[in-house]
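**Student:** here's my sequence, what's the structure:
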Amino acid sequence: MTRLSRRQDDGTVDETADDIDPENLVRTDNGELIDEETGVIVEEENIDRGPEWRAFNHTEKQEKSRVGAPTTQAMHDKGLTTDIDWKDQDASGRSLSTDKRNRMRRLRTWQERIRTQESGERNLQFALSEVDRMASAMGVPRSVREVASVIYRRALDADLIRGRSIEGVASASLHAACRQEGIPRSLDDLTQVSRVDRREIGRTYRYISQELDLALEPVDPRQYIPQLASELSVSDEIQQKAVEVVAETTEQGLHSGKSPSGYAAAAIYSASRIVGPKLTQSEVSEVADVTVVTIRNRYQEQMDALDDEIIY
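**Tutor:** A predicted model of the protein is given here:
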């Protein structure tokens, strides 16, 4: 047993506190140290770092909060500058006079000019807006946009943009971010939403990944199977068998140097012939956006490499 003293409200120390077992001491959510058995507050001098207001739901918390949005790499100024509202109203919601509306319009103009004074800032603003547009069209998570923005900033700092289009580097950065985050999006999917062609995206992607020394692992074809299986409306048995086909053949290195989406599509076609019902090469190639020849060649290679217990 240990005798602990308590500091009273008048600042004096109470030495007549009961004996308190240290094993019964617990720390509450607000930082107080109390004895569970007696309820004695042993320590209460703590700093409350929370807000002075209380909120009981998300709406009240949003209304009472006085902080701005978190910083983000997806904006050229990282979201740190102040925006002037486009509504011509004061804090009470009353409409502004004509003179004040003209003044606010001039302030908005200068605010926009100040935010993008240098050519590098204008370059970054346009590139990040392109990344956001393409990412939204492809339906990738917010984290991928952040990673793509960081990759583009690194490329801009390393002067890798010189001699290349902004759209090409932005598209290559988004492709690298998808690879880095493990999001199954092929180069053809990116080409459909980009303003540059497939060859330029691939060439720029290889260049910036080499110059920035990006640690990108080879794409696993199994990542494309759920998406393709959903678009083809195949059964779970076919999807599971396609995963087995890819797992068995990739261990032999059969997928090296081949398109992962085309390889996954051929695995689904192979699985449909094993499990049934059978799919046609044309409908699989149309969904995977590859040629029928690709499906036929990958299918033949997979069938030659598979063991008998998987085929039958």
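
**Student:** hey, where'd the strands end up in this structure?
**Tutor:** Secondary structure of the chain (DSSP state E): strands at 2-3, 6-7, 13-14, 19-20, 25-27, 33-35, 41-43.

**Student:** against L96, how distant is D85?
**Tutor:** Distance, D85 to L96, using CB to CB, to the nearest Å: 11 Å. Just so you know, the C-beta spots here come from the backbone N, C-alpha and C atoms, and that holds for glycine as well.

**Student:** more neighbours, those two?
**Tutor:** Set side by side, D85 and L96 show more neighbours around L96, with 14 against 8, by other CB atoms under 10 Å.

**Student:** so how far is W110 from that one?
**Tutor:** In terms of CB to CB, L96 sits 17 Å off from W110.

**Student:** low-confidence stretches in this protein?
**Tutor:** 1-19, 44-49, 68-69, 76-77, 79-81, 114-120, 307-312 (pLDDT under 70).

**Student:** packing partners of the lengthiest helix in it?
**Tutor:** Using DSSP state H to assign secondary structure, the helix with the most residues in the chain is helix 119-138. Other elements packing on helix 119-138 under the criterion 3 or more CB pairs under 8 Å, 6 or more residues apart in numbering; DSSP states H and E are helix 142-157, helix 166-181, helix 187-193.

**Student:** dump those to a markdown table, plus mean neighbour count and distance to R296.
**Tutor:** As requested, those are exported to a markdown table (neighbours: other CB atoms under 10 Å; distance: least, CB to CB, whole Å):
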| stretch | mean neighbour count | distance to R296 |
| --- | --- | --- |
| helix 142-157 | 20 | 33 |
| helix 166-181 | 24 | 27 |
| helix 187-193 | 17 | 19 |
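
**Student:** for these, give me a markdown table that also has distance to R66.
**Tutor:** A markdown table is the format used below for these (distance: least, CB to CB, whole Å):
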| stretch | distance to R66 |
| --- | --- |
| helix 142-157 | 24 |
| helix 166-181 | 33 |
| helix 187-193 | 38 |
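
**Student:** and of those helices, who's closest to Q281?
**Tutor:** In terms of CB to CB, the element of those nearest to Q281 is helix 187-193, at 17.9 Å.

**Student:** quick check: can you list the domain ranges of this structure?
**Tutor:** 1-67, 72-87+95-217, 221-311 (automatic domain parsing).

**Student:** out of the ones you listed, deepest packed?
**Tutor:** domain 221-311 (a mean of 18; mean count of other CB atoms under 10 Å).

**Student:** and that domain, how far out from the chain middle?
**Tutor:** Distance of domain 221-311 from its chain centroid, counting by CA atoms, centre = their mean, to the nearest Å, is 28 Å.

**Student:** pretty sure E36 contacts N24?
**Tutor:** Yes. When contacts are counted by CB atoms under 8 Å, E36 is listed as touching N24 (4.9 Å).

**Student:** before we move on, back to that, out of the helices and strands packed on helix 119-138, nearest to E211?
**Tutor:** Proximity to E211, assessed across those by CB to CB, is greatest for helix 142-157 (7.7 Å).

**Student:** pull the residues that contact the closest one.
**Tutor:** 72-74, 120, 123-124, 127-128, 131-132, 135, 161, 169-170, 173-174, 176-178, 180-181, 183, 208, 211-212, 214 (CB atoms under 8 Å, 6 or more residues apart in numbering).

**Student:** could you check the angle helix 119-138 makes with that helix?
**Tutor:** 150 degrees (axes from the mean of the first three to the mean of the last three CA atoms, to 10 degrees).

**Student:** and helix 142-157, how far out from the chain middle?
**Tutor:** 11 Å.

**Student:** repeat for stretch 135-145
**Tutor:** 7 Å.

**Student:** tell me which residue lies nearest the centroid of the protein.
**Tutor:** S143 (1.5 Å; CA atoms, centre = their mean).
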